[in-house]
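Participant: sequence-free structure coming up:
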């Protein structure tokens with residue numbers, strides 16, 4: 001498979017070859033027109049590591065996706081815990097009250113849903129701030 005030679009001559013643009021510099025316009029011209037076909041290997045350091053800002057977009061995308069997921073799940077959990085009505089725990093008259101254990105567990109699960117929903121929304125807010 002033939003290799004393709006790139007015409008990029010970073011540092012050897014038209015103004016540099018003639019030994020003349022014309023200020024900022026020449027630098028932008030050199031950067032945008034002469035180096036558009038530069039290979040990604042030229043961006044690496046001498047030790048083979050990636051440039052310092054290479055991970056920033058990936059971290060931003062992952063934190064945004066995770067934050068959105070946490071926000072949706074947290075909002076659904078918070079809505080379920082808040083909108084579903086609780087059950088009565090005590091059944092009976094004033095003198096004789098029977099405690100419904102299943103209703104107590106059900107109401108505790110609703111409280112847990114509200115708490116988990118608030119925590120997930122807070123984590124989503126923190127990830128969104130990052």
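Facilitator: Arrived safely, thanks for sending. Just so we're clear, the structure is a prediction, and the values are computed from it rather than from any experiment.
Participant: show me where this structure has its helices.
Facilitator: Remark: helices assigned in the chain by DSSP state H are 14-17, 24-29, 56-83, 101-129.
Participant: avg pLDDT for the third one?
Facilitator: The average of the pLDDT scores along helix 56-83 is 92.
Participant: same check, this time on the last one
Facilitator: Looking at helix 101-129 alone, the average pLDDT works out to 93.
Participant: now it: buried residues?
Facilitator: The neighbour-count check on helix 101-129 (16 or more other Cβ atoms under 10 Å) flags 107, 110, 113, 114, 116, 117, 120, 121, 124, 127 as buried. Placement of C-beta: from N, CA and C, glycine included.
Participant: distance to residue 64 for these - can I get that in TSV?
Facilitator: Shown next, in TSV, are these (distance: Cβ to Cβ, whole Å):
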residue	distance to residue 64
107	36
110	31
113	25
114	26
116	22
117	20
120	15
121	15
124	10
127	7
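Participant: and those residues, which two are the farthest apart?
Facilitator: 107 and 127 (30.8 Å; Cβ to Cβ).
Participant: sorry, back to before: can I get the helices of the chain in a markdown table including distance to residue 90?
Facilitator: Below are the helices of the chain laid out as a markdown table (distance: least, Cβ to Cβ, whole Å):
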| stretch | distance to residue 90 |
| --- | --- |
| helix 14-17 | 87 |
| helix 24-29 | 77 |
| helix 56-83 | 21 |
| helix 101-129 | 9 |
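Participant: out of those helices, flag the one nearest residue 91.
Facilitator: Closest to residue 91 of the helices of the chain is helix 101-129 (Cβ to Cβ; 8.3 Å).
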